[in-house]
Every structure is written in C-alpha cells, then in structure tokens.
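K.L.:
Dropping the sequence and predicted coords here.
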Number of protein chains: 2
Amino acid sequence: MNVKKVPEVVVKRLPRYYRYLDDLLKNKVYRISSAELSKKMNVTASQIRQDFNYFGGFGQQGFGYSVQMLHSEIGEILGLNKGLKTILVGAGNLGKAIANHAKFEKRGFHMIGAFDVSPEIVGKKIKDITIMDYSQMEAFVKEHNPDIAILTVSQKNVKDVAKHLEDIGIKALWNFSYTEFESDKMIVENVHLSDSIMMLSYKLHNE
Amino acid sequence: MNVKKVPEVVVKRLPRYYRYLDDLLKNKVYRISSAELSKKMNVTASQIRQDFNYFGGFGQQGFGYSVQMLHSEIGEILGLNKGLKTILVGAGNLGKAIANHAKFEKRGFHMIGAFDVSPEIVGKKIKDITIMDYSQMEAFVKEHNPDIAILTVSQKNVKDVAKHLEDIGIKALWNFSYTEFESDKMIVENVHLSDSIMMLSYKLHNE
C-alpha cells in the first residue's frame, strides 16, 4: 500500500489521527466528515485529504469517512496489528510507569524482558516479567530478538548503553533518557518530557 | 522584550534550543555559528535567525553566537529564572518518576504538593513532600496558589479532575493522562507518550 516516501511531518500526524479515531469509536461515533476531523485535529481538511492520499486515500467526500475503517487502516499503516517485541532498559519509576501502561499492550507492543543494574531492582517483577541484570541483556537479545528497546536509564552512561543496544542488534530505540542519541543503524525516537513543561512556562509568562 | 505574538511553531523550538545550548555548555562549547547550530537543530540557519528576531535577535553573524548568552536569554524568555510552583495530581509510578526528575527543579519548577486518592499512597513521601488526600487539594490550592498541575491520574475521571483543577484556579495543566483536555481558562499541554512509539512502529515496518 505504502509506495511513496511519506514526509516525516505526515508520519507524525498518523498517531494523532489514530488517537482521535480511537476516542471517536469509544464515544460511538461511526462516521465523520473531513471538516469535523479537521476541526478536531486542528489541520485543514485539504491537508487531511493530502495526508490520506499518501496511503491511497480513504473515504468519500460529502459522505465523510467511516471511523472504523479509518481507524483500522491507519492502525495497519502504523503496523499496530503486527506486534512488536520490546525490552525495558532501566526499571525505575519511569520504566515501571511505561511497562504498566495498558495501552501499549493493546497497541501491539509486547514487553518480553526488563533489565537494570541496581541489586535492589534486579529480581523484582514488572507485570509478569522478572527484572534481569543488565549483564544478561546481550544474551537475551540474541536469543529473543526484540524490536524496540525502551531506554529509561538515568543520564549517566546513556550513550554507552545506547551504543551497546545498537551493537547487539536492537532495531529501534525509544529514548527517554534526556540525552539525545543518533544512530545510522537504529531508528531512534528521543522523548523530551521537559520540553512541554518549558512551553507551559513560556505561555504562563507571555500569554 | 517580547512584543510580537510569537507563532506556536517558534515557541515549540525554544525548549529545543535551550536543551542544545545546555548540552553545549556542559561540553564546554562557548561559541557557535548559526551554521553549526542549524546543523545540530536540523533547522535552516535563516530560520534560526528569524526565530531569534522575534525576541530582538541575539548574536552577530560571522562571529557567531555566545552560547552562554543565548542560553541565558532563551532561559529568560522561557521564564525558567522566575520559578513556578507545581502540584502533582496522581502519585503513581509516572508521578513519582516526574517528581524525582532533578532537571525540573533545576529549571525552576518547584513541586509544593502531591495528591492521590489511594489510601496506600496517601501519607507516603515523594522527595520531601507528604502525599495528601485528593480531598485536601482544593484548600491547598487556595492557600498556596500553585501555577501548574501535573496530571498523572489514570484515564478514569480525568475530565472531572481537570475540570476541578480549572474551577479552583489552576493556571496551567501538564496533562499526562492520555485523555486530551481543552480549556479556555487554563493553558494545557497534553503529553502523548504513545505517539512516539507508534511512530517507531511505522518506521520499523516501512523504512
């Protein structure tokens, strides 16, 4: 289905579309016009049509979109139906919060292992997974071939850990560690929680 | 200093500039050309100059920017030197992870109270703060006048809690609750952690 190279800015909107459609379904809304979707998404209706055209375009103008169809098409484009294996690297509070977030399981992300260096944490459980020592990670990755590493270690040694994950064949890194990491071999999403609170600060002082 | 209305897209880049400049200072880099900054930021040099012009423009072309000066100017624009009082609403794993994140303190966000509904959590401590019962929140807010509520409650009742925070005079909401909230009275930043893992999924399946 996906032939043209899709611009990053369009890819960025896909999870948002998916989230909104999910909410609509939860609220038992089964049909939506591009004008309504546009209003909800804060994107012009023509932009939405252009975005959807990258994937063949779905839905009829005038009659609107079937929410169920859009939801499942975009879910499929995002690969949420395929299932991805994740490991958690750093099992502190943030790691636990992410591991326990039910939505990730529902969206096809299956945590198969968790690792930490702290003797107080290793051996404990997150959900039904026993947290292993960091030294066991390499062998585990070679055996179980996870797709995504969720990196929630503290700032020290982040680059070493990320480099190690790259070396042992992790394909994607979801990096919460406040230190950006770039890689030619891994797909990386750097999450910066503090950016949004800094924006709040700006707005509080200027609006 | 800040006279023109600054577009949201420029405001969004400010925390990123600040973060990069912070890294540069940590690495003892004291001067940077707009070309280098542009490369690091993945924004054109002319865009950077345009962005800075909203705030009067800093630095000289050719000679480059003083990192220290840019860092402190942008920090000031973001209001990080002024100090903001936050409360934590929902003191589970995610709430704890955020409360314990040292950078927020360093950037001027002071947590003055934490609230939860769970009898197992109320009475425990986060840092040096004793977690209070949710029923005590209204009186606390009226007395201490916090600026920002960090919302990390689970999905149920999010809208009621957010509405309550709005009613009792909270000015800004940092919403981690996976349910979007919009408000005419509060400044809201909705954080969607799962958007970035959905993007990873897309990229793993399509790139």
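P.N.:
Arrived safely.
K.L.:
Could you check how far A:Lys125 is from A:Ile112?
P.N.:
Distance from A:Lys125 to A:Ile112, counting by Cβ to Cβ, to the nearest Å: 14 Å. C-betas here are computed from N, CA, C, even on glycine.
K.L.:
quick one: which of these two has more around it?
P.N.:
Neighbours were counted for A:Lys125 and for A:Ile112 using other Cβ atoms under 10 Å in any protein chain shown; A:Ile112 has more, 14 against 10.
K.L.:
so who does the more buried one touch?
P.N.:
The contact partners of A:Ile112, by Cβ atoms under 8 Å, 6 or more residues apart in numbering or on different chains, come to A:85-87, A:129, A:144, A:146.
K.L.:
Can you tell me the SS state at it?
P.N.:
strand (DSSP: H, G, I helix; E, B strand; the rest coil).
K.L.:
residues of the helix or strand A:Ser72 falls within that come out buried?
P.N.:
If you go by DSSP states H and E, A:Ser72 is part of helix A:67-77. Using 16 or more other Cβ atoms under 10 Å in any protein chain shown as the test for burial, helix A:67-77 gives A:67, A:70-71, A:73-75, A:77.
K.L.:
Other residues contacting it?
P.N.:
Applying Cβ under 8 Å, 6+ apart, the set of residues contacting helix A:67-77 is A:1-2, A:14, A:17-18, A:21-22, A:24-25, A:29-32, A:55, A:58-59, A:81, B:202.
K.L.:
How about stretch A:180-187?
P.N.:
Outside stretch A:180-187, the residues that touch it by Cβ under 8 Å, 6+ apart are A:158-159, A:162, A:165-166, A:170-173, A:175, A:188, A:190, B:23, B:200, B:203-204, B:207.
K.L.:
In helices, which of the residues you listed fall?
P.N.:
Of the positions in the contacts of stretch A:180-187, A:158-159, A:162, A:165-166, B:23, B:200, B:203-204 sit in helices, assigned by DSSP state H.
K.L.:
who's the residue nearest in space to the middle of chain A bridged to?
P.N.:
Compute the mean C-alpha point of chain A, and by Cα atoms, centre = their mean the closest residue is A:Trp174, 7.5 Å away. Taking DSSP bridges as the rule, A:Trp174 bridges to A:Ile150, A:Glu189.
K.L.:
Just the buried ones from the contacts of stretch A:180-187?
P.N.:
Among those, those buried by neighbour count (16+ other Cβ under 10 Å) are A:158, A:162, A:165-166, A:170-173, A:175, A:188, A:190, B:200, B:203-204.
K.L.:
can I get those in a markdown table with distance to B:Pro119?
P.N.:
Shown next, in a markdown table, are the buried ones among the contacts of stretch A:180-187 (distance: Cβ to Cβ, whole Å):
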| residue | distance to B:Pro119 |
| --- | --- |
| A:Val158 | 37 |
| A:Ala162 | 40 |
| A:Leu165 | 40 |
| A:Glu166 | 45 |
| A:Ile170 | 41 |
| A:Lys171 | 43 |
| A:Ala172 | 40 |
| A:Leu173 | 39 |
| A:Asn175 | 36 |
| A:Val188 | 41 |
| A:Asn190 | 38 |
| B:Leu200 | 38 |
| B:Lys203 | 43 |
| B:Leu204 | 42 |
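K.L.:
The one helix or strand in chain A whose mean pLDDT sits lowest close to chain B?
P.N.:
The helix or strand of chain A with the poorest confidence is helix A:102-106; it has a mean of 80 (mean pLDDT, DSSP states H and E). Yes: on the criterion Cβ under 8 Å from any Cβ of the partner chain, helix A:102-106 is in touch with chain B at A:103-104.
K.L.:
just stretch A:27-47 next, same as before
P.N.:
No: counting by Cβ under 8 Å from any Cβ, chain B has no neighbours in stretch A:27-47; the shortest distance is 9.5 Å.
K.L.:
how far out from the middle of the chain is that stretch?
P.N.:
With Cα atoms, centre = their mean, to the nearest Å as the basis, stretch A:27-47 stands 23 Å off its chain's centre.
K.L.:
and if you look at stretch A:79-96?
P.N.:
9 Å.
K.L.:
before we move on, the earlier item: narrow the contacts of helix A:67-77 to those in strands?
P.N.:
Cross-referencing the contacts of helix A:67-77 against strands under DSSP state E gives A:31-32.
K.L.:
a strand runs through A:Glu36, doesn't it?
P.N.:
No: counting by three-state DSSP, A:Glu36 is not found in a strand; it is helix.
K.L.:
can you tell me which residues contact it?
P.N.:
For A:Glu36, the contacting residues are A:Gly64, by Cβ under 8 Å, 6+ apart.
K.L.:
so how far is A:Lys85 from it?
P.N.:
Using Cβ to Cβ, A:Glu36 is found at 37 Å from A:Lys85.
K.L.:
returning to that earlier point: out of the contacts of helix A:67-77, which are buried?
P.N.:
Buried among the contacts of helix A:67-77 by 16+ other Cβ under 10 Å: A:14, A:17-18, A:21-22, A:24, A:32, A:55, A:59, B:202.
K.L.:
Closest one to B:Asn93 out of the residues you listed, please.
P.N.:
For the buried ones among the contacts of helix A:67-77, the minimum distance to B:Asn93 (Cβ to Cβ) is 23.1 Å, reached by A:Asp22.
K.L.:
So what's the residue count around the closest residue to A:Tyr54 other than its chain neighbours?
P.N.:
With sequence-adjacent residues excluded and distances taken as Cβ to Cβ, 6 or more residues apart in numbering or on different chains, A:Tyr54 is closest to A:Val6, at 4.9 Å. Under the neighbour criterion other Cβ under 10 Å, A:Val6 is assigned a count of 17.
K.L.:
Next one, pLDDT for A:Val6 please.
P.N.:
Listed pLDDT for A:Val6 reads 86.
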